[in-house]
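Peer 1: Okay, sequence plus prediction incoming.
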Amino acid sequence: MSTPSKVKPIPTGMHSLTPHLVCAGAAEAIEFYKKAFGAVEGARLPGPDGKLMHANVTIGDSSLMLVDEMPEWKSLGPKALGGSPVTIHLYVEDVDAVFAQAVAAGAQVAMPVADMFWGDRYGQLVDPFGHKWSVATHIRDMTPDEIRNALDCPGAGQ
């Protein structure tokens, strides 16, 4: 007869949903995320060929998993696929400072930071590995009606 397990179904420090990024150069991506977003490395599991089979960093209160591209397993990053339809959204205390830090670390600006009609100060970046990021600081609480009205105004989102 087995004893009841005391293992948590969701490990400590993890959330129900965690992005898992495939990167051409996952070790370099970890270093970029440290410089750009203040990531803290949690784990790194290299395979026999030196490629990362698994890695985990924490940004703010959230985990991000990474793995190296492995074409033999059909595991390809956004550059190999010609882009990605996914954007990772990151809320921060100071969007302007984090955005500038990410650009200084090597991210490309896709949309400059600006005050948005939905109440966030917001911008978009593409990291050196082809992953898209939106970075924001919430600056105004708004009702759904206020957001709809702001959307109908000329210049909304600028």
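Peer 2: Structure's in. What do you need? Source: prediction; values computed, not measured. Residues are numbered from 1 along each chain as shown.
Peer 1: can you give me the end-to-end distance of stretch 38-49?
Peer 2: With C-alpha to C-alpha, to the nearest Å applied, stretch 38-49 spans 28 Å between its terminal residues.
Peer 1: so where does residue 150 fall, helix or strand?
Peer 2: Take DSSP states H and E as the rule and residue 150 turns out to sit in helix 144-152.
Peer 1: From the chain's centroid, how far away is that helix?
Peer 2: 27 Å (C-alpha atoms, centre = their mean, to the nearest Å).
Peer 1: Same check on stretch 5-13?
Peer 2: Centroid separation between stretch 5-13 and its chain, computed with C-alpha atoms, centre = their mean, is 24 Å.
Peer 1: got the contact list for it?
Peer 2: The contact list for stretch 5-13, computed with C-beta atoms under 8 Å, 6 or more residues apart in numbering, reads 16, 42, 58, 63. To be clear about C-beta, it is placed using only N, CA and C from the backbone, and glycine gets the same treatment.
Peer 1: which regions of the chain lie under the pLDDT threshold?
Peer 2: Within the chain, the segments meeting pLDDT under 70 span 1-4, 154-158.
Peer 1: ok, which stretches of it are helices?
Peer 2: Along the chain, counting by DSSP state H, helices occupy 26-37, 78-81, 95-105, 144-152.
Peer 1: could you dump the ones you listed to CSV with distance to residue 136 and mean neighbour count?
Peer 2: Formatted as CSV, the helices of the chain follow (distance: least, C-beta to C-beta, whole Å; neighbours: other C-beta atoms under 10 Å):
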stretch, distance to residue 136, mean neighbour count
helix 26-37, 13, 20
helix 78-81, 21, 15
helix 95-105, 6, 17
helix 144-152, 14, 12
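Peer 1: Of those helices, give the one that comes closest to residue 127.
Peer 2: Closest to residue 127 of the helices of the chain, according to C-beta to C-beta: helix 26-37, at 6.2 Å.
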